[in-house]
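Asker: Model the following, please.
(one chain, ligands or ions: 1)
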Amino acid sequence: MRLPSSLRGVLRPSAPALRSAAPSRRHPSPDPVRGATVLVTGAARGMGALFARRAAGEGAAAIALWDLDQDGTGQLAEELCAQGVRAVPVRVDMASPESIRTAAEETRTTVGPPSILVNNAGIVRGARFWEHDPARDITATLAVNTLGPMWLVREFLPEMMARRERPHRILNVASAAGVFANPRMSVYAASKWAVIGWAESLRVELESDGYDHLAVTTFCPSFVATGMFEGARGPLGTPILTPAQAVDRAWEGMLHRTPLVKTPWTVKGGEAIKGLLPARVWDTVGGRWLRLYATMDEFTGHAAGAATGTSSASGARR
Ligand SMILES: NC(=O)c1ccc[n+]([C@@H]2O[C@H](COP(=O)([O-])OP(=O)(O)OC[C@H]3O[C@@H](n4cnc5c(N)ncnc54)[C@H](O)[C@@H]3O)[C@@H](O)[C@H]2O)c1
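Answerer: Coordinates of the predicted model:
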């Protein structure tokens, strides 16, 4: 039977369409990390430091360690340089487009343009929405968590798109908070929700325009024991991940070009159930029975002193 032309592409997808729709476990070839220049934001501690160590362990040639916290990135750079990797600490405020532009120029000069970007820096204010200060909390959270990754990718994307001779990757660290509404993290949830929408749209644009060498992965973990969410409890059946577990899952997803990595499995399962239920029924099932809406009741965030600047600390409950 001859199909109308409008349906032919849908029912018999073209090879590139099939490739992008195929399960994303195909092994990357060639290895995107060996010999790469990697840029990690929020690299001074937590998951960011582990992403940098993982890149070094897998043969990256150079790593730009971006953070406000120069002590943390300085120490990590020494550690990685001792392993033979060219690691360079770069001071940046991810809330400032000017600071990102300056740090990008410094990075181009010292280690060259990156082929792997890890958008990891983030902050959280654990408070009711009406307790957020407009500038210190709302603007800062959206700037660091949402606009920072966009400014950074916008800065390096033209070079990444042009250099087809080697694989390139963008790994965005979002959150399960970008999937579920949660009391005491409204602005944080909004910032991560926006990251997912932006990053997924970017991924589809690159795939549909044939930039096969450049893959985008977005990581949505539940709580991870880095101290950022100190005091928070996981919903029912959702263990708090170790930083090593979280970084391993994100990194594997990045290597395998997985568009979205949601972990642990309850993030995906909960999202599917939520999608089927009316909002108020989900409030009972997810919010009350699975205890999602109580996860932040005892939140304290990073201990005082762990902050690295006006826009970096996790705000304590007020
Ligand atoms: N910890 C969790 O439970 C959890 C869960 C889901 C998602 N995440 C996300 O994972 C990412 C890493 O979180 P983490 O738990 O490792 O946090 P962390 O607080 O241990 O590390 C965050 C890093 O970002 C840096 N940073 C903060 N503001 C900055 C700024 N303006 N400019 C430059 N650097 C800045 C900090 O100095 C720090 O080194 C964040 O995007 C966070 O939102 C964390």
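
Asker: neighbours of whatever residue of the stretch 51-200 of the chain ends up closest to the ligand, just the number please.
Answerer: Closest contact between the stretch 51-200 of the chain and the ligand, by Cβ to the nearest ligand atom, is at G122 (2.3 Å). In short, each C-beta sits where N, CA and C put it, glycine included. For G122, the count of nearby residues is 27 (other Cβ atoms under 10 Å).

Asker: Mind checking what secondary structure it has?
Answerer: What DSSP: H, G, I helix; E, B strand; the rest coil gives for G122 is coil.

Asker: I'd like the numbering to begin with 773 instead of 1 from here.
Answerer: Fine by me, first position is 773 from now on; the one you just mentioned is G894.

Asker: ok, it - contacts?
Answerer: If you count contacts by Cβ atoms under 8 Å, 6 or more residues apart in numbering, G894 has them with 814, 916-917, 945, 947, 963, 1000.

Asker: can you narrow the residues you listed to ones near the ligand?
Answerer: 814, 916, 945, 947, 1000 (Cβ under 6 Å from any ligand atom).

Asker: The fourth one: neighbouring residues, count only.
Answerer: Residue neighbour count, defined by other Cβ under 10 Å, stands at 29 for S947.

Asker: Would you check that it makes contact with K964?
Answerer: Yes - shown here, S947 and K964 form a contact pair, counting by Cβ atoms under 8 Å, at 4.2 Å.

Asker: can you pull the buried residues of stretch 897-910?
Answerer: 897-899, 904, 909-910 (16 or more other Cβ atoms under 10 Å).

Asker: farthest-separated two in those residues?
Answerer: Largest separation among these by Cβ to Cβ: G898 and I910, giving 13.7 Å.

Asker: which residue ranges form the helices in this protein?
Answerer: Along the chain, counting by DSSP state H, helices occupy 777-783, 787-793, 818-829, 842-854, 869-882, 912-914, 920-934, 958-980, 1015-1027, 1037-1048, 1051-1054.

Asker: Could you identify which of these is most buried?
Answerer: Highest mean neighbour count among those (mean count of other Cβ atoms under 10 Å): helix 818-829, with a mean of 24.

Asker: what angle separates that helix from helix 842-854?
Answerer: With axes from the mean of the first three to the mean of the last three Cα atoms, to 10 degrees defining the directions, helix 818-829 sits at 20 degrees from helix 842-854.

Asker: Can helix 818-829 be said to contact the ligand?
Answerer: Yes - Helix 818-829 reaches the ligand (Cβ under 6 Å from any ligand atom) through 818-820.

Asker: which one of the residues you listed is nearest Q855?
Answerer: Nearest to Q855 among these, with distances taken as Cβ to Cβ, is G820, at 17.4 Å.

Asker: Just the pLDDT for the closest one.
Answerer: pLDDT, the model's per-residue confidence, is 99 for G820.

Asker: Same question for the one 4 residues further on.
Answerer: The score at A824 is 99. That number is its pLDDT.

Asker: Low-confidence ranges, this protein, go.
Answerer: Scanning the chain with the threshold set as pLDDT under 70 gives 773-801, 1076-1090.

Asker: For it, list the residues in contact with the ligand, please.
Answerer: So the chain meets the ligand at 814, 816-820, 839-841, 844, 864-867, 892-895, 916, 945, 947, 993, 995-996, 998-1001, 1080, 1083-1084 (Cβ under 6 Å from any ligand atom).

Asker: Just put the contacts of G894 in CSV and tack on distance to K1046.
Answerer: CSV is the format used below for these (distance: Cβ to Cβ, whole Å):
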residue, distance to K1046
G814, 29
V916, 27
N917, 22
V945, 22
S947, 16
S963, 20
M1000, 24
